[in-house]
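Peer 1: Got a predicted model here, sequence first, then my questions.
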Amino acid sequence: MEDNMTIKATPVTAEAFAPFGELLATREKASKMINAGRCERHHALATVERGGGEAIISIFRSEPVSLPYDCALLERHPLGSQAFVPLGSQPWLSVVAHDEGGKPGAPIAFLIPAGMGVNLRAGVWHGVLTPLDQPADFLVVDREGDGVNLEEVAIAPVTITA
Ligand SMILES: NC(=O)N[C@@H](O)C(=O)O
Ligand code: NI
């Protein structure tokens, strides 16, 4: 039995994630102060792409995975973006891949620090939500509407290690 390809999960940076979307966290400096100076507005961290549909807000209550984790499926949402913001305080895993002629390339695994979210732009290949080690709730902003907004591809399992 052939061994799986193995990749290491690496700490995410905005630059490394930029081809896939945006990191959702407070910036060094607030965009502006609001509410009589009591509140920092970290404005427009990302844009919701809704491809003619509606932008909806959901909560995903997900069972976790643990490393090493075998990723055997990648998906994408061609019509809309998908943002995940953890409601708890656990680091989590985001798996993405470049598009290579309409199919996903090799998966890339990012460790997302506690409290940080990500926005996946429309059409970006990704693994389904993967909290680490403990069940977790995420606020999810994505698209509902006409058209097929889910494309899934089974891949040769890739083992993601710490
Ligand atoms: N299926 C669903 O709504 N979730 C996936 O799109 C995901 O990326 O977790
Ligand atoms: Ni998805």
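Peer 2: Thanks, I have the structure now. Ligands and ions are numbered 1, 2, ... in the order given.

Peer 1: got a list of what Gly127 touches?
Peer 2: The contact partners of Gly127, taken as C-beta atoms under 8 Å, 6 or more residues apart in numbering, are Cys71, Leu73, Leu74, Glu75, Leu93, Ser94, Val95, Val96, Pro107. For the C-beta atoms, the positions are set from N, CA and C on the backbone; glycine is no exception.

Peer 1: Let me know the pLDDT of the last one.
Peer 2: The predicted local distance difference test score for Pro107 is 98.

Peer 1: same thing with the first one?
Peer 2: According to the model's per-residue confidence, Cys71 sits at a pLDDT of 98.

Peer 1: so how many other residues sit close to it?
Peer 2: Neighbour count of Cys71, defined by other C-beta atoms under 10 Å: 23.

Peer 1: Following element in sequence after the host helix or strand of it, please.
Peer 2: Using DSSP states H and E, Cys71 sits in strand 69-76. Using DSSP H and E, the helix or strand that follows strand 69-76 towards the C-terminus is strand 82-86.

Peer 1: Quick one: list the elements packing against that following strand.
Peer 2: In terms of contacts (3 or more C-beta pairs under 8 Å, 6 or more residues apart in numbering; DSSP states H and E), strand 82-86 is packed against strand 117-120, strand 136-144.

Peer 1: roughly how far is that strand from the heart of the chain?
Peer 2: Put simply, strand 82-86 sits 6 Å off its chain's centre (C-alpha atoms, centre = their mean, to the nearest Å).
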